[in-house]
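Q: need a 3D model of the sequence below.
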Amino acid sequence: MFKLRMIGKILRQAKLGHITVVFLAIYALCALVVSLAYPGIGDYGDALWLCFQTVTTIGFGDMPTDNLVVRIAIVALSIVSIFYLAIITGVVVAYCIEMTKAQADESVAKFVDDLEHLDEKTPEELHEISERIAMHRGEQRVFSRVLWGNDQTIESPSDEPDLQS
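A: Got it, this is the predicted structure:
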């Protein structure tokens, strides 16, 4: 499970601090424009609340925006927030994919090392390797069943089932 600190670490590693600062500045600026251009909105806190509703797409509708300047500011904030949130989501997903790939690569490297040194393994270690192979074959069968509806395992690209029929 991700923690807030982990997301902060990911954002720092991806060097998204500047983008976050720019986003927050645009957010605060839009709230300022809303509070100055539309006195009926209340105070700056209410303008921040309206901007929060816009960014999160909650849109409770408790604050009308019938002023042209306010609408322009809200539209601009909406566009910027869509891109910002997409960038953040993409970075977090890319990080998760890289972590998964790194773990898989490490697992494959250890397995290959085990296979290269079979003659040095104890009977217990050999049994463990055998169980890992059996588990992998079972996962392959499940994957094959999901894809093609059978227990066929693919040995080579020419063995792939004909999906056209």
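Q: what about residue 136, which SS state?
A: Per DSSP: H, G, I helix; E, B strand; the rest coil, the local secondary structure of residue 136 is helix.
Q: what's the pLDDT at it?
A: Here the pLDDT value assigned to residue 136 is 73.
Q: against residue 87, how distant is it?
A: Per Cβ to Cβ, to the nearest Å, residue 136 is found 37 Å from residue 87. To be clear about C-beta, it is placed using only N, CA and C from the backbone, and glycine gets the same treatment.
Q: next one: residue 12
A: 14 Å.
Q: more neighbours, those two?
A: Remark: of residue 12 and residue 87, residue 87 carries more neighbours, 16 against 11, as counted by other Cβ atoms under 10 Å.
Q: can you pull the pLDDT of that one?
A: Note on residue 87: pLDDT of 89.
Q: could I get the contacting residues of it?
A: Applying Cβ atoms under 8 Å, 6 or more residues apart in numbering, we find residue 87 in contact with 16, 19.
Q: can you offset everything so residue one is 112?
A: Got it, first residue is 112 now, which makes that one residue 198.
Q: whichever strand or helix holds it: how far from the chain's middle?
A: Per DSSP states H and E, residue 198 falls inside helix 179-227. For helix 179-227, the separation from the chain centroid amounts to 4 Å (computed by Cα atoms, centre = their mean, to the nearest Å).
Q: for this protein, which residues score under the pLDDT cut-off?
A: Applying pLDDT under 70 to the chain picks out residues 112-113, 250-251, 253-276.
Q: the spatially most distant residue from the centre of it: what secondary structure?
A: Most distant from the centre of the chain: residue 230, at 42.9 Å, with distances by Cα atoms, centre = their mean. With three-state DSSP as the basis, residue 230 sits in helix.
Q: check the gap between it and residue 238 for me.
A: 15 Å.
Q: domain ranges for the chain, per the record?
A: Using automatic domain parsing, the domain ranges for the chain come out as 115-210, 228-264.
Q: relative to residue 218, which of those is closest?
A: Closest to residue 218 of the domains of the chain, according to Cβ to Cβ: domain 228-264, at 9.3 Å.
Q: if anything else comes up later, I'll come back, but that's it for now.
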